[in-house]
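>>> dropping the sequence and predicted coords here.
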Amino acid sequence: MGPEQTVPPEQVVAEPRGTEVELTTAAAEWHAYPQPLWRTHPKYWPDIWRRSIQARIVTGTLLMSTVVLLLVGWVMMSQVTDGVLEARRASAQAEAVAQLSSLTSTLNSADPTTINQRLSELVLGANRPGLYDVVLSPISGNSSSNVIRYTGLVDSESVPQVLESSVNSNDSKLWDTYTVIKYNDNTSAPGLVIGSQLRVTSTQDRYAVYFLFPLTAQQETLDVVQRALVTAGLLLVVLLGAVAWLVTRQVVTPVRMARRIAERLAAGKLEERMQVRGTDDLARLAVSFNKMASNLQRQIRRLEDLSRLQRRFVSDVSHELRTPLTTVRMAADLLHESRDEFDPLTRRSIELLQNELNRFEELLADLLEISRFDAGAAALDLEDVDLRDIVNRVLENYETLLERKGCEVQLDMPEPCRAQVDARRIERILRNLIGNAIEHSEGLPLRISTAFDNDAAAVAVRDHGIGFRTDEAEMVFSRFWRADPARARTTGGTGLGLSIALEDARLHGGRLDAWGAPGEGAYFRLTIPRRPDVALAGSPLPARPADAVRVITDKSLVDVGAPYQKLTGGEEL
């Protein structure tokens with residue numbers, strides 16, 4: 001394994017993990033061909049919520065309708081409960097008043113010596129089984145009896161203590177409260193208790209009389225109403241969900257169709273079109289989309305033809321220029337060999353001619369290489385090499401330039417880093433990267449690192465020079481682009497070096513990453529598979545330098561060599 005990188009965790013850009021890649025792939029497949037929720041694995045449900053407008057609308061409709069129905073049901077149930085209980089309370093009070101009046105007149109007309117016997121008879125006579133029960137208890141201070149009388153069907157403890165205190169303290173008012181009536185057969189029922197005082201004129205004794213009205217029938221009525229409300233609410237929620245699903249489906253289906261067609265157009269299938277049905281807004285959208293696709297198809301084909309003509313022109317011109325260039329080169333070499341025989345002005349002109357011919361040959365060679373890449377004629381000549389040897393060979397070629405720039409090179413290559421590559425192309429990549437780093441280093445140290453793992457090998461070149469801005473990071477691999485065209489260059493250059501380096505990396509199945517920041521320098525990372533049968537999944541080196549100060553969310557890291565990369569703490573590029 002390669003050397004362990006001493007990079008702070010907050011500055012390391014993590015490579016995609018297998019689970020993230022699998023989740024992203026599965027989500028993309030579901031997004032292309034949506035499956036019903038019941039046929040989708042639960043771990044993908046959050047992705048469905050994030051990607052599906054229909055799922056969000058239906059879910060939101062269900063949640064809002066459920067909340068509204070709960071509020072409406074609670075209000076309706078409260079009103080029905082209050083109405084039923086209030087009606088029963090009014091009838092119970094009327095019944096209690098009538099019974100109190102009858103008991104009072106009967107006791108006042110009875111013989112005082114038979115009051116106790118009359119009380120028991122009156123309690124039993126006033127009782128209405130199934131309608132209400134009567135409990136009569138003496139108030140403290142009675143001279144005749146302290147015995148509590150009741151029908152024997154209910155427990156006298158069914159009367160709440162609060163009601164007893166109210167009745168005992170006031171003899172001119174009718175009191176009532178809701179309670180739980182306890183029967184002697186160990187059953188209970190919700191009920192209404194109405195109490196008042198009963199005064200016997202002949203003995204001046206006072207009694208508390210309680211009428212216990214069971215509310216079983218009212219409770220059954222409320223249960224039926226509650227079940228009806230719940231059933232109706234559930235059916236209404238399901239109906240609203242189905243309506244929302246149908247309505248959103250009518251809108252989302254054409255949008256999904258347009259998305260699929262757009263994806264196929266982006267994949268190069270320019271003949272794809274949307275189906276037009278009817279004359280509504282969605283049909284007009286489909287017509288407009290098809291017109292746009294047709295225009296794009298014509299423009300793309302026109303640009304392809306122009307690009308094809310341009311590539312052919314560049315290739316033809318490059319080949320045609322080689323013959324006159326060879327002749328000019330031969331004449332220039334003869335003049336250069338005899339330059340000491342000429343006067344100083346002519347000698348200087350011959351040297352300038354030789355230098356410009358060298359640059360012209362480099363440009364012509366780069367154009368020919370680019371034309372081979374465009375034509376798909378580039379091929380690899382693989383061999384097992386140590387990337388450290390290629391780095392050292394490139395540094396030997398730049399030894400004079402390094403001394404002139406006063407640039408120190410720091411090497412972090414502790415172990416052999418072997419891979420099956422085309423040594424000529426890898427050397428060309430590193431020659432471009434190291435040459436650019438020296439040119440823009442401003443005399444500051446240059447660091448070159450190598451590392452490897454089971455599948456990949458990587459080389460990173462880091463300089464601390466002028467760097468480049470965020471908007472320039474996306475153009476660094478463009479053809480003929482230079483960060484500062486007005487800068488005086490020591491090594492010359494055609495503007496095609498990094499473009500050819502990127503094509504060489506892709507030809508190996510690898511990737512070339514670039515990071516830069518003004519005043520902090522630049523960082524380039526080359527990652528290639530160690531064997532041609534290995535698919536590149538990650539890199540043994542970080543995607544940004546360990547000494548970088550800025551955070552990665554500013555998109556200063558550009559992964560041009562791969563279509564997708566997941567960045568820790570940042571965003572997808």
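Arrived safely. These numbers were taken from a predicted model, which means no experiment stands behind them.
>>> which of the three states applies to N454?
Three-state call for N454 (DSSP: H, G, I helix; E, B strand; the rest coil): coil.
>>> contacts only, for A522.
Residues near A522 by CB atoms under 8 Å, 6 or more residues apart in numbering: 436-437, 440, 462-463, 465, 467-468, 514-516. No exception for glycine: its C-beta is placed from N, CA and C like everyone else's.
>>> repeat that for Q54.
With CB under 8 Å, 6+ apart, Q54 has these contacts: 245, 248-249, 252.
>>> give me the element it is part of.
helix 53-108 (DSSP states H and E).
>>> how far is that helix from where the chain is centred?
Relative to its chain's centre, helix 53-108 lies at 46 Å (CA atoms, centre = their mean, to the nearest Å).
>>> with stretch 506-524 instead?
Using CA atoms, centre = their mean, the offset of stretch 506-524 from its chain centre is 28 Å.
>>> quick one: buried residues of that stretch?
Across stretch 506-524, burial judged by 16 or more other CB atoms under 10 Å covers 506, 508-517, 520-524.
>>> care to break the protein down by domain?
Domain assignment for the chain, taken from automatic domain parsing, gives 52-269, 296-373, 379-559.
>>> can you list these in a markdown table and add distance to R284?
Output for these, formatted as a markdown table (distance: least, CB to CB, whole Å):
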| stretch | distance to R284 |
| --- | --- |
| domain 52-269 | 11 |
| domain 296-373 | 18 |
| domain 379-559 | 36 |
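>>> of all those domains, which one is nearest Q275?
Nearest of the domains of the chain to Q275, taken as CB to CB: domain 52-269 at 7.3 Å.
>>> just checking: what are the partner strands of the longest strand along the chain?
Determined from DSSP state E, the single longest strand within the chain is strand 188-200. If you go by DSSP bridges, strand 188-200 pairs up with strand 175-182 (antiparallel), strand 205-214 (antiparallel).
>>> export those strands as a markdown table, with columns for distance to P138.
Converted to a markdown table, the strands paired with strand 188-200 look like this (distance: least, CB to CB, whole Å):
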| stretch | distance to P138 |
| --- | --- |
| strand 175-182 | 17 |
| strand 205-214 | 6 |
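>>> right, so of these, which gets closest to C407?
That would be, of the strands paired with strand 188-200 and by CB to CB, strand 175-182, which comes in at 93.4 Å.
>>> going by neighbour count, which residues in the closest one are buried?
Buried residues in strand 175-182, counting neighbours by 16+ other CB under 10 Å, are found at 175-176, 179, 181-182.
>>> ok so, going back, in helices, which of the contacts of A522 appear?
Counting by DSSP state H, the part of the contacts of A522 found in helices is 436-437.
>>> quick one: pLDDT of L526?
The model reports L526 with a pLDDT of 92.
>>> what pairs with the helix or strand hosting it, parallel or antiparallel?
Per DSSP H and E, L526 falls inside strand 521-529. Sheet pairing here is set by DSSP bridges, and for strand 521-529 it gives strand 456-463 (antiparallel), strand 511-517 (antiparallel).
>>> chain center to the longest one: distance?
Just to be clear, that refers to strand 456-463. On CA atoms, centre = their mean, the centre of strand 456-463 falls 32 Å from the chain's centre.
>>> what about the nearest residue to D366 once chain neighbours are set aside, distance to E362?
With CB to CB, 6 or more residues apart in numbering as the criterion, D366 has its nearest non-adjacent residue at 4.2 Å, and that residue is L496. Relative to E362, L496 is positioned 9 Å away (CB to CB, to the nearest Å).
>>> try R347
In terms of CB to CB, R347 sits 23 Å off from E362.
>>> and if you look at S371?
15 Å.
>>> the more surrounded of those two?
More crowded of S371 and E362, by other CB atoms under 10 Å: S371, with 20 against 15.
>>> for the stretch 401-550 of the chain, give me the ranges with low pLDDT.
473-474, 480-495, 548-550 (pLDDT under 70).
>>> helices of that one, start to end?
For the stretch 401-550 of the chain, helices defined by DSSP state H, counting those that start in this stretch occupy the ranges 423-439, 470-473, 497-507.
>>> and the first one, which residues are buried?
Pointing back at helix 423-439 there. 423, 425-439.
>>> tell me which of those residues is nearest to E271?
Nearest member of the buried residues of helix 423-439 to E271, counting by CB to CB, is R425, at 36.9 Å.
>>> hmm, E503 and that closest one touching each other?
No - judged on CB atoms under 8 Å, R425 makes no contact with E503 at a distance of 9.1 Å.
>>> will you turn the contacts of Q54 into CSV that also has secondary structure and pLDDT?
Shown next, in CSV, are the contacts of Q54 (DSSP: H, G, I helix; E, B strand; the rest coil; pLDDT from 0 to 100):
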residue, secondary structure, pLDDT
W245, helix, 85
T248, helix, 83
R249, helix, 82
V252, helix, 80
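>>> buried only: go through these for me.
For the contacts of Q54, buried by 16+ other CB under 10 Å: 245, 248, 252.
>>> setting aside sequence neighbours, what's the nearest residue to the first one?
The reference is to W245. Per CB to CB, 6+ apart, closest to W245 is V58, 5.1 Å.
>>> where's the one you found relative to R260, distance?
Going from V58 to R260 by CB to CB gives 21 Å.
>>> looking at those two, which is more packed in?
V58 (22 against 15).
>>> so who does that one touch?
With CB under 8 Å, 6+ apart, V58 has these contacts: 241, 244-245, 248.
>>> what segments of the stretch 251-400 of the chain are strands?
383-386 (DSSP state E, counting those that start in this stretch).
>>> and of the contacts of A522, the nearest to S102?
Minimum distance to S102 across these is 100.3 Å, recorded for W515 (CB to CB).
>>> could you list everything that closest one pairs with in the sheet?
Y523, L557.
>>> where does the stretch 51-200 of the chain have low pLDDT?
In the stretch 51-200 of the chain, residues with pLDDT under 70: 51, 109-130, 140-152, 171-172.
>>> counting neighbours, what do you get for the residue nearest to D366?
Residues within reach of L496, counting by other CB under 10 Å, total 21.
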